[in-house]
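Participant: Sequence and predicted structure are below.
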Amino acid sequence: MASFHYRVISWKKGKAAAHAAYVARRGKHSGREDLLWTRSGNLPSWTENDPAKFWQASDAYERRNGCAAREHRIALPAELNAQQQRNLVDRLAEELVGDRPYELGVHGVEASIGLVPNLDLHLLQTDRQPDGYARGPSQTFRRYCAVDPKRGGCRKRSGGLTPSQNANALRETRKIIARILNEELEKCGYTSRVDARSLRAQGIDRKPERHLGPARIRS
């Protein structure tokens, strides 16, 4: 049965490359057997289509205490088959990332409770927004120059928002994800639906279910 689970995590300077390796099961994570598929997109030419180079540059050149990568973690409906899952992930990536550089991995294992498949999308993106100007690795992550954009770095889409605006943006993102999930479930002929609202808002009197993490997953 489909259920809604979404988290957004900001990875600070120095953490992006290591977490991208975890998402794509590279390096020390390559022995894991739960990666269903991975891909990247919208990478600048200097990466030579190697996403690891982009995250390494973000760690090296992003401002101190800045967000080097932003991760969307989304539980995918187990009802959908492999191709339907790919179609769903395509829509989510297009809506949440647009034309910004990204890397994603879909992890799928069997949950230890009831042997229900536990499928998760890990979508890693940069907040840096391409604007058509060619930039090298270091310039990409410089401060944006409003007077002459080609002299500075790529502008951050998340910049300048107040805490209230960030909270509102998060609520809107949750609604967008739920809408896409439900549209894909309906298109594929399933009656199950997800709801991004809190249990209280739905009028349900129980504690939230915990999304199964590595400690509760059977390898």
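Facilitator: Yep, that arrived.

Participant: Which residue ranges of the protein form strands?
Facilitator: 6-12, 35-41, 67-76, 102-111, 117-125, 128-129, 155-156, 217-218 (DSSP state E).

Participant: Can you say which of those is nearest to Ala167?
Facilitator: When the strands of the chain are compared for distance to Ala167 using C-beta to C-beta, the nearest one is strand 6-12, at 11.7 Å. Where C-beta positions appear, they are placed from N, C-alpha and C, glycine not excepted.

Participant: Where does pLDDT dip in this structure?
Facilitator: 1, 110-117, 159-160, 198-219 (pLDDT under 70).

Participant: Try it again at 80.
Facilitator: For the chain, residues meeting the criterion pLDDT under 80 lie at 1-2, 109-117, 158-161, 197-219.

Participant: out of all of them, which helix in it is the longest?
Facilitator: What stands out as the longest helix in the chain, according to DSSP state H, is helix 163-187.

Participant: Just list what that helix packs against, helices and strands only.
Facilitator: Judged by 3 or more C-beta pairs under 8 Å, 6 or more residues apart in numbering; DSSP states H and E, helix 163-187 is in contact with strand 6-12, helix 82-97.

Participant: returning to what we had before: closest one to Ser58 among the strands of the chain?
Facilitator: When the strands of the chain are compared by C-beta to C-beta, strand 67-76 sits nearest Ser58, at 4.3 Å.

Participant: what sits up against the closest one?
Facilitator: Residues outside strand 67-76 that contact it (C-beta atoms under 8 Å, 6 or more residues apart in numbering) are 3-16, 19-20, 23, 55, 58-59, 62, 85, 88-89, 92, 96, 106, 118-127, 158, 177, 211.

Participant: sorry, back to before: mind putting the strands of the chain in a markdown table, mean neighbour count included?
Facilitator: A markdown table is the format used below for the strands of the chain (neighbours: other C-beta atoms under 10 Å):
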| stretch | mean neighbour count |
| --- | --- |
| strand 6-12 | 15 |
| strand 35-41 | 17 |
| strand 67-76 | 22 |
| strand 102-111 | 21 |
| strand 117-125 | 21 |
| strand 128-129 | 20 |
| strand 155-156 | 18 |
| strand 217-218 | 13 |
